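A.B. asks: how would this look folded up:
(4 chains)
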Protein chains: 4
Amino acid sequence: MNIGILTSGGDCPGLNAVIRGAVRKGIRQYGYSFSAIRDGWRGLLEDDIHPLHMVDVRGIGARGGTILGTSRTHPYSGGGPEKMREVMAARGIDAVIAIGGEGTLAGASRLADDEGLPVVGVPKTIDNDLDNTDYTFGFDTAQEIATEAIDRLRTTAESHHRCMVLEVMGRNVGWIALQSGMAGGAHAILIPEFPVGYEQICDWVRSAWDRGRAPLVVVAEGFVPEGLDDQVSDAGLDKHGRVRLGGIGNHLAPIIEERTGLETRAVTLGHLQRGGSPTAYDRVLATRLGMAAVDLCHDADWGQMASLTGTDIIRVPMAEAVDRLKFVPQHRWDEVQVLLG
Amino acid sequence: MNIGILTSGGDCPGLNAVIRGAVRKGIRQYGYSFSAIRDGWRGLLEDDIHPLHMVDVRGIGARGGTILGTSRTHPYSGGGPEKMREVMAARGIDAVIAIGGEGTLAGASRLADDEGLPVVGVPKTIDNDLDNTDYTFGFDTAQEIATEAIDRLRTTAESHHRCMVLEVMGRNVGWIALQSGMAGGAHAILIPEFPVGYEQICDWVRSAWDRGRAPLVVVAEGFVPEGLDDQVSDAGLDKHGRVRLGGIGNHLAPIIEERTGLETRAVTLGHLQRGGSPTAYDRVLATRLGMAAVDLCHDADWGQMASLTGTDIIRVPMAEAVDRLKFVPQHRWDEVQVLLG
Amino acid sequence: MNIGILTSGGDCPGLNAVIRGAVRKGIRQYGYSFSAIRDGWRGLLEDDIHPLHMVDVRGIGARGGTILGTSRTHPYSGGGPEKMREVMAARGIDAVIAIGGEGTLAGASRLADDEGLPVVGVPKTIDNDLDNTDYTFGFDTAQEIATEAIDRLRTTAESHHRCMVLEVMGRNVGWIALQSGMAGGAHAILIPEFPVGYEQICDWVRSAWDRGRAPLVVVAEGFVPEGLDDQVSDAGLDKHGRVRLGGIGNHLAPIIEERTGLETRAVTLGHLQRGGSPTAYDRVLATRLGMAAVDLCHDADWGQMASLTGTDIIRVPMAEAVDRLKFVPQHRWDEVQVLLG
Amino acid sequence: MNIGILTSGGDCPGLNAVIRGAVRKGIRQYGYSFSAIRDGWRGLLEDDIHPLHMVDVRGIGARGGTILGTSRTHPYSGGGPEKMREVMAARGIDAVIAIGGEGTLAGASRLADDEGLPVVGVPKTIDNDLDNTDYTFGFDTAQEIATEAIDRLRTTAESHHRCMVLEVMGRNVGWIALQSGMAGGAHAILIPEFPVGYEQICDWVRSAWDRGRAPLVVVAEGFVPEGLDDQVSDAGLDKHGRVRLGGIGNHLAPIIEERTGLETRAVTLGHLQRGGSPTAYDRVLATRLGMAAVDLCHDADWGQMASLTGTDIIRVPMAEAVDRLKFVPQHRWDEVQVLLG
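C.D. replies: The predicted structure is shown next:
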């Protein structure tokens, strides 16, 4: 069997570990060969495909990014499933492992379930917003980087008697903000799932200040404060009502400063959260998922993806995983309340 | 309610986060007060106990070690349960949260179940060898440090065309070696649960070398090679048959060098694995366990400990958790085979 | 002798190590006592001063920020030198060690030289822009953090076939950009001392791209591109002609994208560069400077500051150090040219 | 001109940055070509030489180790200078850049000065023991790693009320121990240049303990305590009188424990100090030295090496640099005394 591998969507620490795990398992256990599909679905649609040998994956587990390149090309663009079928036939590719986030897996699911293409998936998201898996690789690295940032901002905040606002990733879900906020000892954690108003934010800030702390606020990029309409014009919002111009962190800092009288500064972590060497946790998870994806191919279990539940790697239908996002649940929000303010 | 907290046994990144989580939750949600019991059971037996206010736990979540101090004092020494009962009564302590490993929890379990003392537990072990919890805090930090060490040793090994042996913690179980070995791309992983002989080890080393790699060996301190008897005198072993003099890493290096002809060096990580700031993962887990332990006290659920299953914090009887060690299971050992050699 | 210590201006990794070095040296070698002056000159003007014992500086060398707090209060505000003289007399303070940047040292120099106050200095600047000292503590930590950021952005840039722009500190000088750019392998380094135009920037970007690299651009916050006037309205500039709205990194990214056709993203490091634990280099330098400042007091060498030349700590008049900024010299700019593009 | 590059002796973070700096400078500024000489002098003696293109040095600046490999082959072995001359002629190599420590540079110096071979040098040593250069690359990374280790051991020591002993590199000089000890806040610093006896060591330990600290001892591997003869048999020493069996750290720990009554544990950092990604400081220094070495070749300044003085890269005769080791001077030892105990 020849297995093509592609990575699609935003890059994520651990992608290379998935690739390495899959290639080593396939070659050593089953005697398979592998093909590198360049830049996600684009490579499959445009036949940008090359042999992928064991020597190509050596030592890559510790490296960020993806040796395969990535893109946001849609699988139903440029020829779509029919073109893929042709390319796979011409190249002798018997199966495809698609590593990607919600969009990628939704596409892979359709290709497998509706078009009958031999495709399996590996879930990938920094944001940890994929359902049907406890965690996705990349998330642990992101929460680690965000936590280190909070640790650094704390000493500046304390020395200057300032409030610091850190904006982290999370368009639709607040996992990075929630966990790094818990880990770093933030006094306010603002996530899309549980909107609060400006007064609540300022209450948390004031409460920390009154206890002698320099207030730290962690906000997910997708957080929308209640009462936002009164603060910014429509022009400052994107189509989902999220704050756009300069980001939510930069939006909040001057408002907090004005309302609390505390000097307030914002930092936006941005791309720093998704680059660099993955944590040990992410490398192990990614390696195991890559190996499990090869087992899916071996069993011709198309339309399935490898997934983490507890400490086990299991199989779940991709269609289920992309059905809904994994939001921060109410009990995790309740749990963190005693740490705020 | 006044809750006493103690940390017992080896120190572990995350202990302070447990303490902070418990104190904030208890004070803010339930209005409890707290007492700091110094140096594990010793403080309870010798009445070395002090008030523990919210100000005492500020900013400690990011710090390694334990602000309470620790010791290996046995709870049934020096007066035992009766003395504890007296001290608790005199101090007005209504409940005790004992944070510790297998030995500590076994003791806490007896105190609760047999003596009727109001004791609950929080599992703690670098080695991840406690059953009935998916992971214990401290383990993630340890695997991260071990993985970084492998990353560092790799470049030295490659530059010098050498084999490097890294000895990591794990007296009875191989979790740190297994996971850091997967994460770091080790060519041989040696763990207590699955003894292999010298020839197998050298085969893995030679195989990596023949593929052009500088071989990396990760060995848990408790690993005992098959055929050890022929290599060292009885004097070189401890009472469990483990290699003692200089450690297993230093034992293996010259043997690998002699049998493979490859220059081989050993490094023992030792205490570096248990100190320093915890990872974000460990801080979050520890904080949640600390908060859950206060709920156990609130519910008078004595003899129980807070535990991680999947992404949930649940309750399990301490007696069950210490019944057996959590060994690396056969399927995890099988899984890693394709990565070796 | 009782010595007052103050930290003034922006916080900087190593401030606490200076304080610790001074206190230990003064107490142990000379039997002096110390006073903590809170929040820079403000504490001296408002008599916010407390005893500073050896126990207060325990373990602080590894911590970022300053235990004394800081502010931007001007020494000639609120009573000025006369008020300081009164406060010092009332408190029995015989000497003041002022730790700060150009502004602080200029003030300290006037206080010593013009007012006859017993003040000595320790130079501090993240930006490394102080003359008459080879390096200032804090700079090494900042260049390390900036370099780690470049390392992280590289994998994202390569995976996405993107250009990444990193904005680092440096209002007037380009040391952080120059050194982190060299260390991280940036393809364009943009610093205030050597303005270049948009076409030169895009040439470097294209050249890297044509060699198969994902272009990395490091830009100091104070860099002003030649031909800026044609790009932005006056409203987008601050009073020194520097790009204000959103920063120079965010200014450049869309222009590079438009001119080169390469997807381009910007990240602004901001406050992350000045927080957190100092590097070993900075801790050693800071400790030695703190100890040398006490020798200055012992010798009543007012108006002098401790300074690094080669590996030696020497004395230089503060008036000389603040006379001009230490710019990146022509030969360092020439030297780096072969690394660009 | 074609320039051969070789790395010789122990590996060191920054070697790859030297290579990259040299190759980029030579190709871009002078239009030179380069040859990779494998494994130090061995490659030159055995004609193991390959073309070294700009693409080969891409992104290597951040990587530890050396892409050229290294060995301890002596330049006067196996054919010696005559063989080298032949190989260089046959390969068309016009100059050799030798990157190495004292031994390598001594050899390179003889080859240039006595044999008339076109050889220049770049100094390299983790230990910082080379004279005529302020610092050598690799040292900063080593002191950083050692300092991080002290930070980690501190929390363990404090939690367990223990004394911890950290053994770091430094066979003949104590630079790593001195600087990491200052940076990490060690209570005893033991270096070869200034031997002290067991009682002095224990006095420092007791003094720290009496002040409520958990004592931290940093010892250079080459430290020999006064009165050693009474403690160990001759068999435990190497030919220079240094403690051999198990290292000086393991030698000291039980003696400290016995004499002070404090539980004491030792950790040996070993190879962890020389692997992994170099610090920004080392990358910049190494890059600049590599570029300067090409200028030496361009000027046919054989027998010279590139060297750091203050912030400048200058030229010094290799013969001078290897004439004597750079020991920790008396004034640095005096300076650190107030920090001990």
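A.B. asks: can we go C-alpha only for contacts and neighbour counts from here?
C.D. replies: Will do.
A.B. asks: how about the residues of the stretch 201-341 of chain A near chain B?
C.D. replies: Residues of the stretch 201-341 of chain A that fall close to chain B, judged by CA under 8 Å from any CA of the partner chain: A:Thr279, A:Ala280, A:Tyr281, A:Arg283, A:Val284, A:Thr287, A:Thr309, A:Gly310, A:Thr311, A:Val338, A:Leu339.
A.B. asks: number of nearby residues for the third one?
C.D. replies: In other words, A:Tyr281. When neighbours are counted by other CA atoms under 10 Å in any protein chain shown, A:Tyr281 registers 23.
A.B. asks: show me what contacts A:Cys78?
C.D. replies: Just to correct that, residue A:78 is Gly rather than Cys. By CA atoms under 8 Å, 6 or more residues apart in numbering or on different chains, the contact set of A:Gly78 is A:Leu45.
A.B. asks: any idea how far the residue of the stretch 201-341 of chain A at minimum distance from chain B lies from chain C?
C.D. replies: Here the stretch 201-341 of chain A gets closest to chain B at one residue, A:Gly310, 3.8 Å apart by CA to the nearest CA. For A:Gly310, the distance to chain C (CA to the nearest CA, to the nearest Å) stands at 30 Å.
A.B. asks: with A:Ala188 instead?
C.D. replies: Distance from A:Ala188 to chain C, by CA to the nearest CA: 19 Å.
A.B. asks: the lengthiest helix in chain A close to chain B?
C.D. replies: Longest helix in chain A, counting residues (DSSP state H): helix A:139-160. Yes. Helix A:139-160 lies within reach of chain B by CA under 8 Å from any CA, at A:Asp140, A:Gln143, A:Glu144, A:Thr147, A:Asp151.
A.B. asks: please tell me how far the fourth one sits from A:Gly184.
C.D. replies: It refers to A:Thr147. 5 Å (CA to CA, to the nearest Å).
A.B. asks: quick one: low-confidence ranges for the stretch 101-250 of chain A?
C.D. replies: Across the stretch 101-250 of chain A, the ranges flagged by pLDDT under 70 are A:232-236, A:238-240, A:244-245.
A.B. asks: distance of the residue of it found nearest chain C from C:Asn128?
C.D. replies: Evaluated by CA to the nearest CA, the stretch 101-250 of chain A has A:Arg152 as its residue closest to chain C, separated by 4.0 Å. Per CA to CA, A:Arg152 is found 20 Å from C:Asn128.
A.B. asks: contacts only, for the nearest residue to A:Thr279 once chain neighbours are set aside.
C.D. replies: Spatial nearest neighbour of A:Thr279, excluding adjacent residues (CA to CA, 6 or more residues apart in numbering or on different chains): A:Thr141 at 5.3 Å. Contacts for A:Thr141 (CA under 8 Å, 6+ apart) come out as A:Pro13, A:Gln273, A:Arg274, A:Pro278, A:Thr279, A:Asp282.
A.B. asks: with A:Val119 instead?
C.D. replies: A:Ala95, A:Val96, A:Ile97, A:Ala98, A:Ala108, A:Ser109, A:Leu111, A:Ala112, A:Cys297, A:Trp302, A:Gly303.
A.B. asks: try it again at 6 Å.
C.D. replies: A:Ala95, A:Val96, A:Ala112, A:Trp302 (CA atoms under 6 Å, 6 or more residues apart in numbering or on different chains).
A.B. asks: what about those, which are in helices?
C.D. replies: Reading helices off those with DSSP H, I get A:Ala112.
A.B. asks: quick one: which of the contacts of A:Val119 is nearest to chain C?
C.D. replies: Taking these together and measuring to chain C by CA to the nearest CA, the closest member is A:Val96, at 19.6 Å.
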